[in-house]
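A.B. asks: give the three-dimensional model of this entry:
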Amino acid sequence: MRVFRIAVLLLFAVTSTLSFALQPTLTPQQSGTTNRLQAVSVVNPNVVWVSGVGGSFAVTTDGGNTWRAGVVPGAEALQFRDVEGVSAKVAYLMSAGSGADSRIYKTVDGGQTWTLQFENTIADAFYDCFAFWTPQRGLAYSDSVAGRFPMLRTTDGTTWQDIGDNLPPAQAGEAGFAASGTCVATQGGRNAWVITGGAEHARVLATRDGGDTWNAYETPIVQGTPISGGFSIAFRDPWNGVLGGGDLADPTAFTNNFARSSDGGMTWKLGTPSPFPGAIYGLDYMNMRGLAEGSGNASGTEAVFITGPNGAAWSPDEGTTWHLLEGVTGYWAVDFGKGRVGWLVGTGGRILKVSF
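C.D. replies: Numbering: from 1, shown residues only. As a prediction, the model looks like this:
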């Protein structure tokens, strides 16, 4: 038993040393826009799409060395709160807003032209985010309207159908937060999760069959008011996932804003709160495999990156310990695209490349 304890202590020491040794390289990017950017989608290490307010988007095809920014014609007043990159040529944009301000556009020529695929006609609907299993199959989530979620689904990458009747009834005021385009997560070919807030309980809505049926599960994060709950969710496999959120009422407070699940989202346990105050707006997993052995936790957990207006941090052990990035603030969204090179986007058109 004594030998076992010594071995465990040595493993912990090695893991801790390597975790601190893995300091990321931060490279500011020139986005070509000064509009606030709120979403980012990594296609591969070279191709990344971002989107923001003022109908803006930008794309790089050389790993962030250069960016080409643009504004979708006719969408100058829209806020593109989410983006899904498919390739250097193909991408989707989703604007968030009441009524007709919620729209979905698609380009197949690298952003030279855009086709309007969906324009919301429900006055009280407000689409927050979308996510895709494949380039043709995806979901778009809206705040509830009269106790119902007007969820959209596409199976051909062109047309969108309302599948809201498949979801559980909504709580009064239940909604999503369109902070970073990550309130919906997809995994595999048919798994998806939505994190909600704005109601008595912050819940996770989950499907295992591509959106045909859904279940609702409660979470332990800060909740219970119209401006608190879950903001962002991600799963690394069918069972293990993380979520983040917070309370917009007090951006200086440290709250229970991070949780994780090991049973597919049915139950959640609080992790260590973010090391920066306020809400977690966006989060994503990082693939740290291939780096020095011990860069993650020996228990089988994985590395996670979180960001919000008041800070950014990463964890080698799925939210048990955090390493704060000093001086990094004002970034709303993050994506690593299943790799260990990611991009943060935020205010003033800022983009920050993060390389481990």
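A.B. asks: find the nearest non-adjacent residue to Thr134, please.
C.D. replies: In this structure, Thr134 finds its nearest non-sequential neighbour in Gly189, 7.8 Å apart by C-beta to C-beta, 6 or more residues apart in numbering. Glycine gets a C-beta too; all of them are placed from N, C-alpha and C.
A.B. asks: tell me how many other residues crowd Ala170.
C.D. replies: Residues near Ala170, counting by other C-beta atoms under 10 Å, number 22.
A.B. asks: that one in helix, strand or coil?
C.D. replies: Of the three states, Ala170 takes coil under DSSP: H, G, I helix; E, B strand; the rest coil.
A.B. asks: mind listing what it touches?
C.D. replies: Contact partners of Ala170, counting by C-beta atoms under 8 Å, 6 or more residues apart in numbering, are 144, 147-149, 199.
A.B. asks: now that we have the residues you listed, which one has the most neighbours?
C.D. replies: Most surrounded of these: other C-beta under 10 Å gives Phe149, at 26 neighbours.
A.B. asks: how about that residue: what's its closest non-neighbour residue?
C.D. replies: Leu167 (4.7 Å).
A.B. asks: do the same with Pro251
C.D. replies: Using C-beta to C-beta, 6+ apart, the nearest residue to Pro251 is Gly278, at 4.0 Å.
A.B. asks: tell me the pLDDT of the one you found.
C.D. replies: Note on Gly278: pLDDT of 98.
A.B. asks: the one 10 residues further on now?
C.D. replies: Predicted confidence (pLDDT) at Met288: the value is 87.
A.B. asks: so it versus Phe336, what's the distance?
C.D. replies: 10 Å (C-beta to C-beta, to the nearest Å).
A.B. asks: quick one: low-confidence ranges for the chain?
C.D. replies: Applying pLDDT under 70 to the chain flags the ranges 1-21, 290-300.
A.B. asks: and the strands in the stretch 151-300 of the chain?
C.D. replies: For the stretch 151-300 of the chain, the strands defined by DSSP state E, counting those that start in this stretch cover 152-154, 161-162, 184-187, 191-195, 203-207, 215-218, 228-235, 241-247, 258-261, 269-270, 282-286.
A.B. asks: so which of these gets nearest Asp82?
C.D. replies: strand 184-187 (8.7 Å; C-beta to C-beta).
A.B. asks: for the closest one, what is the distance to the chain centroid?
C.D. replies: Here strand 184-187 is found 9 Å from its chain centre; the criterion is C-alpha atoms, centre = their mean, to the nearest Å.
A.B. asks: same for it, what does it pack against?
C.D. replies: On a contact count with 3 or more C-beta pairs under 8 Å, 6 or more residues apart in numbering; DSSP states H and E, strand 184-187 meets strand 127-132, strand 138-142, strand 191-195, strand 228-235.
A.B. asks: comparing those strands, which comes out most buried?
C.D. replies: Among the helices and strands packed on strand 184-187, judged by mean count of other C-beta atoms under 10 Å, the one packed with the most neighbours on average is strand 228-235 (a mean of 28).
A.B. asks: returning to that earlier point: in JSON lines, list the strands of the stretch 151-300 of the chain along with distance to Ala39.
C.D. replies: Formatted as JSON lines, the strands of the stretch 151-300 of the chain follow (distance: least, C-beta to C-beta, whole Å):
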{"stretch": "strand 152-154", "distance to Ala39": "17"}
{"stretch": "strand 161-162", "distance to Ala39": "23"}
{"stretch": "strand 184-187", "distance to Ala39": "12"}
{"stretch": "strand 191-195", "distance to Ala39": "16"}
{"stretch": "strand 203-207", "distance to Ala39": "20"}
{"stretch": "strand 215-218", "distance to Ala39": "25"}
{"stretch": "strand 228-235", "distance to Ala39": "11"}
{"stretch": "strand 241-247", "distance to Ala39": "15"}
{"stretch": "strand 258-261", "distance to Ala39": "20"}
{"stretch": "strand 269-270", "distance to Ala39": "27"}
{"stretch": "strand 282-286", "distance to Ala39": "8"}
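A.B. asks: adding distance to Pro220, write the helices and strands packed on strand 184-187 out as TSV.
C.D. replies: Below are those laid out as TSV (distance: least, C-beta to C-beta, whole Å):
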stretch	distance to Pro220
strand 127-132	22
strand 138-142	22
strand 191-195	13
strand 228-235	11
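A.B. asks: nearest to Trp343, of those?
C.D. replies: Going by C-beta to C-beta, the one of the helices and strands packed on strand 184-187 nearest Trp343 is strand 228-235, 15.3 Å.
A.B. asks: what angle do strand 127-132 and that closest one make with each other?
C.D. replies: 10 degrees (axes from the mean of the first three to the mean of the last three C-alpha atoms, to 10 degrees).
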